[in-house]
Each structure stands twice: as C-alpha cells, then as structure tokens.
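Chemist: After the sequence you'll find the predicted model.
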Amino acid sequence: MDCSQDSWPEPVVNVQSLSESGLSTIPDQYIKPPSERPSMQTSEHNQQGIPIIDLSCLIDDVARCPAIVQAVSAACQEWGFFQVVNHGVSEELMDRMQETWRTFFQLPINVKQAYANSPKTYEGYGSRLGIKKGVILDWGDYYLLRLMPASVRSHERHWPTQPCSLREITYEYEKEVAKLCRKLMKVLSISLGLHVDYLQNAFGGEASAGESLRVNYYPKCPQPELVLARSAHTDINGITVLLADHRVGGLQVRKGDAWITVQPSPGALVINIGDQIQISSNSVFKSVEHRVLANSADERISLAFFYSPQNDLPVGPAEELVTPERPALYLPMTYDEYRAYKLKERV
C-alpha cells in the first residue's frame, strides 16, 4: 500500500478517549503477542543504566573537550543512548514546554480532532503510525510538527491555537535544542576521526538540516502488561533529543537480549543515535531499538526532537570510514527515500 495515501485504512480511535472512558479491559487491537509483552521481556539486571555526560565545558571548539568526545564516542558505540546535563537548554523552558503541551492534550477531544493527521505527512494530531490494516496498535497518541527548514515547515493549519503560547514556546525550544544538536554533530564527527563539520555538511549544512517535533501522550492503561505505549523501533533520523517525563518513567533501551529502563536524571535530556548517523559512521555508532511501556497509575508526556539530513541529499558511509577490512555497509540513499522505505514497515 502506498505510504503517501491520504487516509488511514481504518477509523482512528484516540487512545486518550479510550482511557478516559473508564474501560477495565483493553480492546483486542492493542494486545501485543505474548513474545512482545513487557512482562515477558523486561530486564533490570543492569543497574548502571545509560551514561550521563556533563556538557558544561563544551564550547564551539569541541576539540578542547577530549573527555566529552571520548565519553560520547563510548556511549554511541556501546549503548546508542546517553543523557546530557548542563546542555544549555534551560530547565524553565523545558518545564514550560511540557506543561504547555500537556495543556493541549487536556483539551476536549473535538478541539484536538480539528488537527487530525493523515498518513500523507503525519503532521498534526494522531494515534496510529502505520497504514497496514488489522495490525496491533500502540497505546498512545501524538502530535507531529515539522519545524525546519522553512521550505518544509508545517502549514499554519497544523498549529494548535490553544494554548495561545504553544507556538511561541515551541519555536523557542526548537532554537535551543537545535544549537545542542549542532554541537553534538561536531562531537560525533571528531569522535569518528572526521573533520569537525563532516556530519553537519553531510546533512546539508545548518540551514538545510531537518528539524521536527513529536509530542507523545501516553494515557493511563488498565492492563499495561498486555500493551506497549510505543513498540520497539529505531529512529530513522540522525539525532533524537528526548525531553522525558520525570514523573512517570517508561522508556526502555535494548541492550543485547535485555530491555533496560531509562531513569531520566533531573534536568537532563536523553540523546539517541538514529539510523542516519549509523549509516554515516558505517555502523561504528549504533542506532538502537527502544520502546515505551504503558502505565496504569498516571498519564505520561514526552517530547522527541528529531534532527535529520536534508530530504533530497544522499547519505552514505563516510569515505574515511570505509576500508578493505571494513567495506561500506550501506548504499547512499536520500532521507526521503529512506523514510518512504521505513514507513512501509510501520504498524
């Protein structure tokens, strides 16, 4: 089925309305097979968790921060995930972002439904991610916006008018997190032995790199042991910056055969490597599977900021990282082509 179709294959039911209806058992279309349920696979044996990296000494000349470069390199090779503190994004802004978007999701369903999305662009308010009919769905709703570059920015109709401060705060947050991503791109380039601007240039430069925001809303679930709020997946973009909900956990990262729960550090942002960085690094850095658990006691909100290559620019392994002993593991492909390929696999 064409991933650019204009409508979903089945009527979309917002998970929040299901949760608020007071049901005690969940519909069959949300119940995962036994092998995928969290109660069958969750492991907490690794108490160390993903690394926490202090970026306080990071300046434009990242070569002067070898300890950070080394720590990020180790985290990207071993985990594909790490947390950052002293990252330059104010906690006050982070709190305002979460509360503003929480307020949106607390609006009446008819107000939110005015921004209902379609699989043509996924922009706006939605619940499902894939276009295959009859699949097992995830227990969560979301809102997707494209922020940069200006040529692909979400149209006015995709922006909620309530709360009135939402758009202003979202763009303020975007500017600060984009600065962090550009610094991390330099750190990643140096840690791979590449020129400091290699990855940023491979993504089309600062003015052309893609930036989008997905706000995830995971309502309470009466049977969390049977569902996933977000099924296991890797991110198709380059870098993801996650503002997690510190009140209610749920993010898990695959480590070997185990699923490790991420405990967000106060004031931290969670960073993970996406498929485009794995491709560019010729698999030196790993884009790692992760998933989100549901919760019976409370709702949960998180904000994922995606930093991506220019849509029509082919991305492939850096020539410096291709050797006779380690040949190129990927063929160059534009981000548009890669995204279309991955969307066909979504459920």
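Modeler: In hand now; what should we look at?
Chemist: Going along the chain from the lowest-mean-pLDDT helix or strand in the chain, find the next helix or strand for me.
Modeler: Ranked by mean pLDDT, DSSP states H and E, the helix or strand of the chain with the weakest confidence is helix 38-41, at a mean of 64. Per DSSP states H and E, the first helix or strand lying C-terminal to helix 38-41 is strand 52-54.
Chemist: partners of that following strand, with directions?
Modeler: strand 81-85 (parallel) (DSSP bridges).
Chemist: Could I get the buried residue list for the strand it pairs with?
Modeler: Within strand 81-85, the residues scored as buried using 16 or more other C-beta atoms under 10 Å are 81, 82, 83, 84. Bear in mind the C-beta positions are built from the backbone N, C-alpha and C, glycine included.
Chemist: what sits up against it?
Modeler: With C-beta atoms under 8 Å, 6 or more residues apart in numbering as the contact definition, strand 81-85 has outside contacts at 50-56, 71-72, 75-76, 180, 253, 262, 264-265, 267-273, 288, 290.
Chemist: Tell me the buried residues within the residues you listed.
Modeler: Counted by 16+ other C-beta under 10 Å, the contacts of strand 81-85 give 50-53, 55, 71-72, 75-76, 180, 253, 262, 264-265, 267-273, 288, 290 as buried.
Chemist: Sitting in strands, which of those do you find?
Modeler: Applying DSSP state E to the buried ones among the contacts of strand 81-85, the entries found in strands are 52, 53, 253, 269, 270, 271, 272, 273, 290.
Chemist: which of the residues you listed sit farthest apart?
Modeler: Pairwise distances across those peak at 18.0 Å for 53 and 290 (criterion: C-beta to C-beta).
Chemist: and residue 200, backbone torsions?
Modeler: Main-chain torsions, residue 200, degrees, to the nearest 10: phi -60, psi -40.
Chemist: Leaving out sequence neighbours, find the closest residue to it.
Modeler: Nearest non-adjacent residue to residue 200, counting by C-beta to C-beta, 6 or more residues apart in numbering: residue 185, 4.7 Å away.
Chemist: Same check on residue 117?
Modeler: residue 124 (3.7 Å).
Chemist: isn't that neighbour right next to residue 144, touching?
Modeler: Yes - with contact defined as C-beta atoms under 8 Å, residue 124 reaches residue 144; the gap is 6.7 Å.
Chemist: you'd agree residue 287 is up against residue 254?
Modeler: No - contact criterion C-beta under 8 Å: residue 287 and residue 254 do not qualify, at 11.0 Å.
Chemist: Residue ranges in the stretch 1-150 of the chain under the pLDDT threshold?
Modeler: The stretch 1-150 of the chain contains residues with pLDDT under 70 at 1-5, 39-48, 59-60.
Chemist: Please, where are all the helices along it?
Modeler: Per DSSP state H, counting those that start in this stretch, the stretch 1-150 of the chain carries helices over the ranges 15-20, 38-41, 66-78, 91-105, 109-113.
Chemist: Quick one, which of these gets closest to residue 342.
Modeler: Across the helices of the stretch 1-150 of the chain, closest to residue 342 is helix 66-78 (C-beta to C-beta), at 20.7 Å.
Chemist: What strand or helix carries residue 240?
Modeler: Residue-wise, residue 240 maps onto strand 239-243 under DSSP H and E.
Chemist: So what are the sheet partners of that strand and their directions?
Modeler: Assessed with DSSP bridges, strand 239-243 is paired to strand 269-273 (antiparallel), strand 300-308 (antiparallel).
Chemist: what does that strand contact?
Modeler: Under C-beta under 8 Å, 6+ apart, the answer for strand 239-243 is 94, 97-98, 177, 180-181, 184-185, 251, 269-274, 277, 302-307.
Chemist: what about burial for those residues, which qualify?
Modeler: Buried, going by 16+ other C-beta under 10 Å: 94, 97-98, 177, 180-181, 184-185, 251, 269-274, 277, 302-307, out of the contacts of strand 239-243.
Chemist: Tell me which residues of the lengthiest helix in the chain come out buried.
Modeler: As assigned by DSSP state H, the longest helix anywhere in the chain is helix 166-191. Buried positions in helix 166-191, judged by neighbour count with 16+ other C-beta under 10 Å: 166, 169-170, 173-174, 176-178, 180-191.
Chemist: So which other helices or strands are in contact with it?
Modeler: helix 66-78, helix 91-105, strand 141-148, helix 198-202, strand 210-218, strand 239-243, strand 269-273, strand 300-308 (3 or more C-beta pairs under 8 Å, 6 or more residues apart in numbering; DSSP states H and E).
Chemist: Just put those in TSV and tack on distance to residue 282.
Modeler: Listed next are the helices and strands packed on helix 166-191 as TSV, based on distance: least, C-beta to C-beta, whole Å:
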stretch	distance to residue 282
helix 66-78	12
helix 91-105	34
strand 141-148	27
helix 198-202	12
strand 210-218	22
strand 239-243	17
strand 269-273	13
strand 300-308	19
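Chemist: and residue 319, which of the ones you listed is closest to it?
Modeler: helix 198-202 (10.1 Å).
Chemist: so how far is that closest one from its chain's centroid?
Modeler: Its chain's C-alpha centre and that of helix 198-202 lie 21 Å apart, by C-alpha atoms, centre = their mean, to the nearest Å.
Chemist: where's the residue nearest to residue 200 relative to residue 72, distance?
Modeler: 11 Å (C-beta to C-beta, to the nearest Å).
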